[in-house]
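Engineer: Need coordinates for the below:
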Amino acid sequence: MKLIQKIRRLLTEPLQAQINQVQAQINQVQEQLRQAKADNAATKLVMGAGLTKLARQATSMKEAEFKVFSQFGDDGIIQYLISWVKPSLDTFVEFGVEDYEEANTRFLLMNNNWKGLIIDGSSTFIDFIKSSTFYWRYSLKAVASFVTAENINQLLVDNGITGQIGLLSIDIDGNDYWVWKAITAVEADIVVIEYNSLFGSDRAITIPYQPDFMREQAHYSYLYFGASLPALCDLAIEKGYAFVGCNQAGNNAYFVKKEKLNGLTALSAKEGYVYSRFRESRDQAGQMSMLDGVERSPLIAGLPVINTKTNREEYL
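Structural biologist: Below is the predicted model of the structure:
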């Protein structure tokens, strides 16, 4: 029996040594990647600080756009708007952040030293954020929760965010209209919310509310989600906001409390509407089909939407 155990040990020890060596190499590469990402973020912050000065001198949102951590040019727009609005509190809330590598509030956090709450439905993404070096360096709280109209206010209250805040960013690829409509726990000076440009600039419509809505399950194309810009503009008026424009990518709309405009021009949905040109459509196999422009709309024709003026079901 002892002989068998000795033979097994002789056979397995070299293999275990190789496994340990490979794991050590993997750990080393992962650490190098983490350091490279940290160095890259530091470089981007230096560049962003210079771009911020230019954005604050811009004469329009379009001129102010730049990207550091946002998906498109939203970092610049936000810097431009806070220079006009001068929010009373340097606190933000953003939900739908994924791993926070591309987000509307990360530059605010790291460049302006704002504090805030971020929420995402994936605990994997939230764990990744909490393991990042910037998480302990700034006043940031990350929470894993699937956001719905029913739970959003309690989520805010439970995490100590109530009343006045500086900025609210909503991008959940689905019930964006319904969740913003439900929010009463906070009142932001600036609201950034995703709209679906394929729904057009004429109709005030949104997807029907479904608490467990998931874009990738609702329709294979990934194009059936969210609300039209006119629907969000109507809701904004109800909440005391003015629409001040969209980013050039045609996916985010910006609203400012009317009493905080400080000279910013309020726009109609028609005046500020931007048609998106990015190509994120999928085919029925789930692969990106990258359809351009008007090629996308026929894919979602006939799907149900709610007219937010009448609260009746219509179709695309």
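Engineer: pLDDT score for Asn44?
Structural biologist: Slight slip there: residue 44 is Lys, not Asn. In this prediction, Lys44 carries a pLDDT score of 89.
Engineer: In contact with it, which residues?
Structural biologist: Applying Cβ atoms under 8 Å, 6 or more residues apart in numbering, we find Lys44 in contact with 68-69. For every residue, glycine as well, the C-beta is placed using N, CA and C.
Engineer: Who are the packing partners of the helix or strand containing Gly245?
Structural biologist: Under the criterion of DSSP states H and E, Gly245 resides in strand 241-246. Judged by 3 or more Cβ pairs under 8 Å, 6 or more residues apart in numbering; DSSP states H and E, strand 241-246 is in contact with helix 61-64, helix 229-238, strand 252-257, helix 269-272.
Engineer: Sheet-wise, list the partners of it with their directions.
Structural biologist: Sheet pairing of strand 241-246 (DSSP bridges) gives strand 252-257 (antiparallel).
Engineer: which stretches of the protein form helices?
Structural biologist: Ranges of helices in the chain, per DSSP state H, are 2-56, 61-64, 74-85, 106-111, 123-130, 133-137, 152-158, 176-182, 215-218, 229-238, 269-272, 297-300.
Engineer: contact partners of the fourth one?
Structural biologist: With contacts defined as Cβ under 8 Å, 6+ apart, helix 106-111 is touched by 41, 45, 48-49, 52, 68-70, 75, 78-79, 82, 92, 100, 114-116, 134, 138, 140, 167.
Engineer: related to what we said a few turns ago, between the helices of the chain, which gets nearest to Ala204?
Structural biologist: helix 229-238 (4.2 Å; Cβ to Cβ).
Engineer: can you pull the buried residues of the closest one?
Structural biologist: If you call a residue buried by 16 or more other Cβ atoms under 10 Å, then helix 229-238 has these buried ones: 229-236.
Engineer: what comes up buried for stretch 79-94?
Structural biologist: In stretch 79-94, counting by 16+ other Cβ under 10 Å, buried: 79-82, 85, 87, 90-94.
Engineer: residue ranges with poor pLDDT in the stretch 1-150 of the chain?
Structural biologist: 1-4, 6-39 (pLDDT under 70).
Engineer: Mind doing that once more with 80?
Structural biologist: For the stretch 1-150 of the chain, the stretches flagged by pLDDT under 80 are 1-42.
Engineer: swap in the stretch 201-316 of the chain?
Structural biologist: Short version for the stretch 201-316 of the chain, where the test is pLDDT under 80: none.
Engineer: Please dump the helices and strands packed on strand 241-246 into JSON lines; it should also carry distance to Glu216 for every row.
Structural biologist: Output for the helices and strands packed on strand 241-246, formatted as JSON lines (distance: least, Cβ to Cβ, whole Å):
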{"stretch": "helix 61-64", "distance to Glu216": "31"}
{"stretch": "helix 229-238", "distance to Glu216": "22"}
{"stretch": "strand 252-257", "distance to Glu216": "20"}
{"stretch": "helix 269-272", "distance to Glu216": "28"}
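Engineer: Between those, which one is closest to Leu316.
Structural biologist: helix 229-238 (13.2 Å).
Engineer: any residues touching that closest one, and which ones?
Structural biologist: 176-177, 180-181, 191, 193, 195, 197, 199, 201-206, 242-243, 246, 253, 255, 268-269, 272-273, 308-309.
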